[in-house]
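[1] fold the following.
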Amino acid sequence: MTNNDCHCVAYTAMDAKSEERPVGSKYQLLDLPWEDVLVTHVLCYLPLRHLASLQRVSKSFRSLVQAYLANCRTFDSAQTGPRIPKEAFCSMLRDNKVLHSLSVHGCSDWITDKELLPVIGQNQLLLRVDLRGCVRLSRHALVAVSLSCPRLQHLCLAHCEWVDSLALRSLADHCADLRSLDLTACRQLRDEAVCYVVAKWPSLRSLSVAVNANITDVAVEEVAKRCRELEQLDLTGCLRVRNEAIRTVAEYCPKLQSLKVNHCHNVSESSLGVLRRRNVEIDVEPPLQRALVLLQDVVGFAPFINLQI
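    Residues are numbered from 1 along each chain as shown. Okay, the predicted model is just below:
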């Protein structure tokens, strides 16, 4: 909606009320219809941090902001500023039952099951949940997500070391439509858990099991064979993954667009070359390219070499 449209809506609303007000009286922002104008066409353009400040102006503004927040489809705690108080978080989401996307990364240093579970429990339409770095949560948070959010498509659990095999199995059993899953640094997980869950998600398009020394070729090959729609795979720091698994990925994942294998010391160009020829984006430079970079660091320049020869 343009500024002119907003002005037209505002003037129309005020004209409708003109007969009810004495001549010469002044109109205020809150005189506009809340649901039809302010909530729908005004507050949606304000960042969450501004809404948090606005609700402290008066009781009326607080009620207006709560009416807006109760109908929000997206909530990202990072938009409220560097740190959102616990009380403000609970208050802002108290009445919301229609969320489609929830990110609590901005609350990662303090949020616990006590604050999160009520929000998850009353928002069964969630499609995207980001719990990245929330170290104070427990496996009960993931079980709650699996039981309350059957339509879930995107889940980020990066650096949540409390994620265990049983909780992840619950997710696989109840959320059949998952498209992307980030398990970076979920170090409790082993091959068996990954093999179990990917069997439930043949339409998975993005998966990260990075920074987990427990993951081996067994899990990676199962991912490749089960998830033929896979487009992005992150194996960064999976020290036990070898060339055999990468060759299996190349064979079974024709739609792969991105592969991360940095710090996978047992993966070499003999397996990556096949994917490079398919224009798959790989985060490790080819050997000759790496040699030129090292040479440039040592002598200050690199000789011109046609890398396409």
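[2] which residues of the stretch 51-200 of the chain score low on pLDDT?
    82 (pLDDT under 70).
[3] gap between Ala52 and Gly81?
    Taking CB to CB, to the nearest Å as the measure, Ala52 falls 8 Å from Gly81. Bear in mind the C-beta positions are built from the backbone N, C-alpha and C, glycine included.
[4] higher neighbour count, the two?
    With neighbours defined as other CB atoms under 10 Å, Ala52 and Gly81 compare such that Ala52 has more, 21 against 15.
[5] contact partners for Gln66?
    55, 91, 94-95 (CB atoms under 8 Å, 6 or more residues apart in numbering).
[6] export these to CSV and tack on neighbour count and distance to Pro254?
    As requested, the contacts of Gln66 are arranged in CSV below (neighbours: other CB atoms under 10 Å; distance: CB to CB, whole Å):
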residue, neighbour count, distance to Pro254
Gln55, 21, 51
Ser91, 16, 49
Arg94, 13, 47
Asp95, 13, 46
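[7] now, which of the residues you listed lie within helices?
    When DSSP state H defines the helices, the subset of the contacts of Gln66 inside them is Ser91.
[8] list just the nearest of the contacts of Gln66 to Ala141.
    In terms of CB to CB, no member of the contacts of Gln66 lies closer to Ala141 than Arg94, at 18.5 Å.
[9] residues touching the closest one, list them.
    By CB under 8 Å, 6+ apart, the neighbours of Arg94 are Gln66.
[10] for it, give its distance to Leu178.
    Remark: distance between Arg94 and Leu178 (CB to CB) = 28 Å.
[11] and the residue nearest in space to the middle of the chain, its phi and psi?
    Central residue of the chain (CA atoms, centre = their mean): Asp130, 4.5 Å from the mean position. Main-chain torsions, Asp130, degrees, to the nearest 10: phi -120, psi 110.
[12] what secondary structure does Trp162 sit in?
    coil (DSSP: H, G, I helix; E, B strand; the rest coil).
[13] follow-up on the earlier one: which among the contacts of Gln66 gets closest to Val194?
    The closest of the contacts of Gln66 to Val194 turns out to be Arg94 (CB to CB; 36.8 Å).
[14] follow-up on the earlier one: quick one, what contacts the residue nearest to the centre of the chain?
    Asp130 makes contact with 102-105, 155-156, according to CB under 8 Å, 6+ apart.
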